[in-house]
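Participant: Predicted model, plus sequence, below.
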Amino acid sequence: EEGWAASLQGGNSCSIRDVTVDGNGNIYAVGDFLGSVDIDPGPASVLLTGSGWEGFVACFSPAGSLIWAESFGGPGDQFVHAVARTTRGDLILGGMFETQSSSAPGSQPADFDPGPATVSAFSSGGTEDGFVLHLDSSGGFEWLQTFGGLSDGDIVHDVAAIPNGPNPDAVAVAGAFSSKLELGGAPSLTSAGGTDAFLGLLEGSAGTAFWTRQFGDTNDDSANSVCLQDSRLVLGGEFSGTLDFDGTPGGSALTSSGGSADGFVLSIINSGTVAWGRDYGSSGTDEVTAVTPHPSGDLLVSGAFSGTVAFDPTQPTLTTASHGGTDAFCLRLEGNGDFDWVRKFGGTMNDRATAVASDFSGGVVVVGDYDGAANFDLIPGNDIGGNENVFFVRLDGAGGFRDFDGFGGSLDDHAFAVATPAGIYDFVMV
């Protein structure tokens, strides 16, 4: 079956940063735009406007036709990084916003209600703050939670709906914070220095926190992705130095390989306790960008690595080397964190897998960015070229190659997310 492609026309700049789908194949996309954007990819024009960077959410049919769209924000800037769909069909958005300080003369708050009402929020001290926004299935406002300290670096990178959590519409929230984290009424957490990674579990009716946890040390750490695997939450991200599990000196922790950053994966039970952790790193820069469950109960991980990395901790001498710069990778772990297989993609420049998903047949879809000549099928000389273009690779469940493609224009292009509706079409990427 042939696919389709659509673009949104912005007056200045527009990015779609995450996507999810429902059981009918309808597509829910979120992102941000500067000034204005025509959100309808068809011949009609549906213009969203704002005073600065505005957040948006839009619903499209399986054929790509616009069903509805809403925007929110301004004054100040709002960036939407993540979306998840609850069992009721509601939408959870996460991201970052910045306004003037509430004490600044003439300052105005951001408005997070897409409708005619106003739901105001100031960022703390005029710096970057994180937010979690709950909308109903048509984009109407339900509730808002924000957090931030007096330093930049507070952000929500990912959200996940947790139907079998403490209540049926619980929400997992992952990101980073500097200074302090006060989310959903949970006890305040203080960063160990730089930014710390965090994970929070919120109840669905008002966003009140069941618990929040932090992970990190005096360096910069970030949680980039969260998913539900069986009854556990899985967190993926990057850290430098020591990633503290339990908040006690000398307690459970991962130690980086000495480069600027290592990737990590943590499996966490609903109380916030870490069941197991894995780190992946070299003397360079490495990261985990996404984690997602496989129908078998295993776990899929995407990211980027440089130099030489031992992805299987039981065989430290069995390593995978990048082609140069950073390479994209896709890793499959068993449910207990044991290594299954890893595949790398890239060339001599910087390449990165930004997202991964499992399709209805148990196969794997990986999307990301590549620069220059890059290899995706491990056949020598079978490279594709481009300047900051995007790619997708499809693998079978055992990591065997199926197909790939790369595309883009003369300027920089980026892929942020992928979703796979069961049996309706293969996948959608943004």
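Facilitator: That came in fine, so what should we check first?

Participant: From now on I want contacts and neighbour counts done on CA atoms only, so please keep to that.
Facilitator: Will do.

Participant: Farthest from the middle of the protein: give me that residue.
Facilitator: Pro105 (35.7 Å; Cα atoms, centre = their mean).

Participant: quick check, that one in a helix?
Facilitator: No - assigned with DSSP: H, G, I helix; E, B strand; the rest coil, Pro105 falls outside any helix and is coil.

Participant: Can you tell me how far it is from Asn389?
Facilitator: 44 Å (Cα to Cα, to the nearest Å).

Participant: next one: Phe122
Facilitator: 37 Å.

Participant: and if you look at Ser15?
Facilitator: Applying Cα to Cα to Ser15 and Asn389 gives a distance of 15 Å.

Participant: so where is the stretch 301-430 of the chain shaky, pLDDT-wise?
Facilitator: For the stretch 301-430 of the chain, the stretches with pLDDT under 70 are 378, 381, 386.

Participant: could you redo the last one with a cut-off of 90?
Facilitator: Applying pLDDT under 90 to the stretch 301-430 of the chain flags residues 317-318, 324, 360-361, 372-388, 406-413, 421-425.

Participant: Please enumerate the strands of it.
Facilitator: 320-333, 339-345, 352-358, 364-370, 374-375, 383-384, 389-395, 401-407, 418-419, 428-429 (DSSP state E, counting those that start in this stretch).

Participant: Using CSV, please lay out the ones you listed together with mean neighbour count and distance to Ser71.
Facilitator: Formatted as CSV, the strands of the stretch 301-430 of the chain follow (neighbours: other Cα atoms under 10 Å; distance: least, Cα to Cα, whole Å):
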stretch, mean neighbour count, distance to Ser71
strand 320-333, 22, 33
strand 339-345, 19, 36
strand 352-358, 28, 25
strand 364-370, 28, 26
strand 374-375, 22, 37
strand 383-384, 16, 37
strand 389-395, 23, 27
strand 401-407, 15, 29
strand 418-419, 22, 22
strand 428-429, 21, 21
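
Participant: So for Asp169, which of those sits nearest?
Facilitator: Distance to Asp169, taken as Cα to Cα, is lowest for strand 418-419 among those, at 20.5 Å.

Participant: packing partners for that closest one?
Facilitator: The contact analysis (3 or more Cα pairs under 8 Å, 6 or more residues apart in numbering; DSSP states H and E) places strand 418-419 against strand 13-21, strand 352-358, strand 364-370, strand 428-429.

Participant: Reformat the ones you listed as a markdown table; add distance to Phe112.
Facilitator: Formatted as a markdown table, these follow (distance: least, Cα to Cα, whole Å):
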| stretch | distance to Phe112 |
| --- | --- |
| strand 13-21 | 18 |
| strand 352-358 | 27 |
| strand 364-370 | 30 |
| strand 428-429 | 26 |
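
Participant: one step back: okay, the strands of the stretch 301-430 of the chain in TSV with distance to Ile162 next?
Facilitator: Output for the strands of the stretch 301-430 of the chain, formatted as TSV (distance: least, Cα to Cα, whole Å):
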stretch	distance to Ile162
strand 320-333	21
strand 339-345	25
strand 352-358	17
strand 364-370	22
strand 374-375	37
strand 383-384	39
strand 389-395	27
strand 401-407	32
strand 418-419	17
strand 428-429	22
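
Participant: Of these, which is nearest Ile155?
Facilitator: strand 352-358 (17.6 Å).

Participant: That closest one - contacts with which helices or strands?
Facilitator: Counting by 3+ Cα pairs under 8 Å, 6+ apart, strand 352-358 packs on strand 287-293, strand 299-309, strand 320-333, strand 364-370, strand 418-419.

Participant: Let's see that with 6 Å instead.
Facilitator: strand 299-309, strand 320-333, strand 364-370 (3 or more Cα pairs under 6 Å, 6 or more residues apart in numbering; DSSP states H and E).
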